[in-house]
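J.: below: sequence and its predicted model.
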Amino acid sequence: MLCRLKNKILNWFCSFFDQKLFFMKCCKKTKRNFNQGKIPDELISHNALKVLQRLHDSGYEAYLVGGCIRDILLQIRPKDFDIATNAHPEQVRKLFRNSRIIGRRFKLIHIIFGREIIEVATFRACHRKQNHQNHMVQDSNSGRILRDNVYGTIQDDAARRDFTINALYYRHVGDQQKILDFSSGIKDLQRKKLRLLGDPEVRYREDPVRMLRAIRFAAKLNFNLAKTTAAPIRQLIFLLNDVPAARLFDEVLKLFLNGHGLQSWHLLQTYELFACLFPDAALIMTQKKPAKLLFQETLRNTDERVHNELPVTPAFLYAALLWHCVLQTAKRLQDSENISARIAMQKSFDEVIKKQCRIITIPKRFTIATCEIWDLQHALVRRHPEKITNIAAHPRFRAAYDLLIMREKSGESLNNAGKWWMEYQKKNPVKRRSFTRRNSSENSFKKQRQP
Ligand code: ATP
Ligand code: MG
């Protein structure tokens, strides 16, 4: 009781004061306890501890598992806490009123504590072993697992996880704490190696997204792929064509918006995965240096924003990634259909988005915003005096301005528009009007071609 109260108070302090400093301090303690297989409770979400406790009290086995243990041992603040248990989803559901069952491919339980969600999964079995026994497993022709709700032991569960470093379990019952490592995960953590469990080719065939996960973790943790894990990737890239486009959207965001986007992109290129996800953008980047520089600058900037805990949006990422495809498509349409630059530009937005969405489903709320960012580019460069106030009040102004700056940085010549808008934003509303008037002659708002 006293211990739980202590945890509560510490957690409150943790969120109230400088969280990072607090985390680092606790991590020192982790190092001390590491050899004893202990993690200080302060590093674990108290909601996760509550869930573990209730599952134990109800007679089930329950462990913290995966990314949270990996990250704590690497002194990184975990993004979320996952729990693995021998309780079936319906049994977990009964124990927690604040829970719901989700997922088809994997049935999971989400236990909701305000803004924090603790994910609870029942131990799964290695699907091949169970397949012959006619359990609920479904394979596509390429070996991809379509559904995987076969339950098993903790050893089975560990074997069907992706990487050795993601297959660490943490047992926390009363005063007894222990890290369970079935596959040399701790050794690989120490060696900074990302190693797929089992036969890599089979594991990639089961779930080709593991290729993208390998890149993501290598970038995030600054790890190397083990030789056997890296070897089959180039021959198996085609398997990604089979992955539902909506799932790829999520994975791509995790790759580019996790604070290690630039490194993820370099690795995606090294393993030739980038061209599979973004064929048109990849091609144009080989032909036009500014296209490559623009995306590089965008990722550098996005990483910085994530590290400073500033918001980032997929709409901006896609606007930068596909901008040169839009320019190229607009030029082709204008030439072939003999239409105005403005109409060609509008048509190209649709064409580029539609083509990309065949591979990766970008939700409509983002594609609309992406098109607005593109649409504002022309107005930002042209700076028509009567439109300035409206442009600056547009909900997408800030993102459009950021893209403009990136474009200039990547070598596009835009009549100093970036500097102009930077000066404009520094002024108060009264001065903005005179600034616009004064600078109108300088900018010579003559009709320009589309950007
Ligand atoms: P992150 O910090 O990005 O959340 P994570 O390791 O927690 O990293 P999740 O996607 O949250 O990643 O998955 C939780 C755990 O589930 C993983 O650590 C891994 O053990 C297992 N897992 C997730 N996706 C797969 C997969 N495609 N194949 C096998 N195991 C997986
Ligand atoms: Mg996670």
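T.: Thanks, I have the structure now. Ligands and ions are numbered 1, 2, ... in the order given.
J.: C-alpha only now, for contacts and for neighbours.
T.: Will do.
J.: measure stretch 38-46 end to end?
T.: Between the start and the finish of stretch 38-46 there is a gap of 16 Å, counting by CA to CA, to the nearest Å.
J.: next to ligand 1, which bits of the stretch 1-150 of the chain? Give me the list.
T.: Where proximity means CA under 6 Å from any ligand atom, the interface of the stretch 1-150 of the chain facing ligand 1 comprises Gly66, Gly67, Lys79.
J.: residue contacts, the nearest residue to Ile186 once chain neighbours are set aside?
T.: With CA to CA, 6 or more residues apart in numbering as the criterion, Ile186 has its nearest non-adjacent residue at 6.6 Å, and that residue is Ile165. Residues in contact with Ile165, defined by CA atoms under 8 Å, 6 or more residues apart in numbering, are Gly66, Arg70, Ser184, Gly185, Ile186, Asp188, Leu189, Leu194, Arg195.
J.: again with Gln425
T.: With contacts defined as CA under 8 Å, 6+ apart, the neighbours of Gln425 are Arg432.
J.: that one and ligand 1: what is the separation?
T.: With the distance defined as CA to the nearest ligand atom, to the nearest Å, Gln425 ends up 37 Å from ligand 1.
J.: repeat for Leu180
T.: To ligand 1, Leu180 is 13 Å away according to CA to the nearest ligand atom.
J.: does that residue really touch Arg171, like I thought?
T.: Yes - with contact defined as CA atoms under 8 Å, Leu180 reaches Arg171; the gap is 7.4 Å.
J.: excluding its backbone neighbours, what's nearest the residue in the stretch 301-450 of the chain that ligand 1 sits nearest to?
T.: When distances are taken as CA to the nearest ligand atom, the stretch 301-450 of the chain approaches ligand 1 most closely through Val306, which lies 14.3 Å from it. The spatially closest residue to Val306, leaving aside those adjacent along the chain, is Gly259, at 5.1 Å (CA to CA, 6+ apart).
J.: looks like the one you found contacts Glu309 (just checking).
T.: No - applying CA under 8 Å as the test, Gly259 and Glu309 come out as separate, 9.6 Å apart.
J.: who has more neighbours out of those two?
T.: Neighbours were tallied for Gly259 and for Glu309 using other CA atoms under 10 Å; the higher tally belongs to Gly259 (23 against 10).
J.: now do the contacts for the more buried one.
T.: By CA under 8 Å, 6+ apart, the contact list for Gly259 reads Lys220, Thr302, Asp303, Glu304, Arg305, Val306, His307.
J.: just the buried members of the contacts of Ile165?
T.: The neighbour-count test (16 or more other CA atoms under 10 Å) applied to the contacts of Ile165 identifies Gly66, Arg70, Gly185, Ile186, Asp188, Leu189, Leu194, Arg195 as buried.
J.: which one among the residues you listed gets closest to ligand 1?
T.: After measuring those against ligand 1 - CA to the nearest ligand atom - the closest member comes out as Gly66, at 3.4 Å.
J.: once you drop chain neighbours, what's closest to the closest one?
T.: Excluding the flanking residues, the one nearest Gly66 by CA to CA, 6+ apart is Asn166, at 4.3 Å.
J.: my read: the one you found touches Gly67, true?
T.: Yes - A contact is recorded between Asn166 and Gly67 when judged using CA under 8 Å, the distance being 5.8 Å.
J.: Ile112: what's it in contact with?
T.: Here Ile112 is in contact with Asn98, Ser99, Ile118 (criterion: CA under 8 Å, 6+ apart).
J.: what does Ala87 give?
T.: Going by CA under 8 Å, 6+ apart, Ala87 touches Tyr60, Glu61, Thr122.
J.: list of residues touching the helix or strand harbouring Ala158?
T.: Per DSSP states H and E: Ala158 is located in helix 154-159. Residues from elsewhere that reach helix 154-159 (CA under 8 Å, 6+ apart): Asn86, Phe123, Arg124, Ala125, Cys126, Ala167, Leu168, Phe182, Leu197, Gly198.
J.: for the closest residue to the second one other than its chain neighbours, give its distance to ligand 1.
T.: Taking CA to CA, 6+ apart as the measure, Phe123 lies nearest to Asp157, with 5.0 Å between them; neighbours along the chain are not counted. In this structure, Asp157 and ligand 1 are separated by 9 Å, where distance is defined by CA to the nearest ligand atom.
J.: could you give the number of residues near the residue in the stretch 201-350 of the chain that ligand 1 sits nearest to?
T.: When distances are taken as CA to the nearest ligand atom, the stretch 201-350 of the chain approaches ligand 1 most closely through Arg210, which lies 5.3 Å from it. Other residues within reach of Arg210, judged by other CA under 10 Å, total 20.
J.: wait, it touches Tyr204, no?
T.: Yes - Arg210 is in contact with Tyr204 according to CA under 8 Å; the separation is 6.0 Å.
J.: give me the distance between the two termini of stretch 85-96.
T.: For stretch 85-96, the first-to-last residue distance is 14 Å (CA to CA).
J.: tell me which residues of that stretch are tucked away?
T.: Buried residues in stretch 85-96 (16+ other CA under 10 Å): Thr85, Asn86, Ala87, His88, Pro89, Val92, Arg93, Phe96.
J.: of these, which is the nearest to ligand 1?
T.: Closest to ligand 1 out of the buried residues of stretch 85-96 is Thr85 (13.0 Å), distances taken as CA to the nearest ligand atom.
J.: can you give me the strands in the stretch 201-350 of the chain?
T.: Defined through DSSP state E, counting those that start in this stretch, the strands belonging to the stretch 201-350 of the chain, from first to last, are 224-225.
J.: now do the helices in it.
T.: With helices called from DSSP state H, counting those that start in this stretch, the stretch 201-350 of the chain shows them at 209-221, 227-230, 233-236, 245-256, 261-270, 274-277, 279-287, 289-307, 314-337, 341-357.
J.: the stretch 1-150 of the chain too?
T.: So, for the stretch 1-150 of the chain - with DSSP H, counting those that start in this stretch - the helices run 2-16, 19-34, 46-57, 67-73, 89-95, 127-131.
J.: which ones are touching the nearest residue to Val326 once chain neighbours are set aside?
T.: Beyond its immediate neighbours in the sequence, the residue positioned closest to Val326 (CA to CA, 6+ apart) is Ser348, lying 5.6 Å away. Taking CA under 8 Å, 6+ apart as the contact definition, Ser348 lies against Val326, Leu327, Thr329, Ala330, Leu333.
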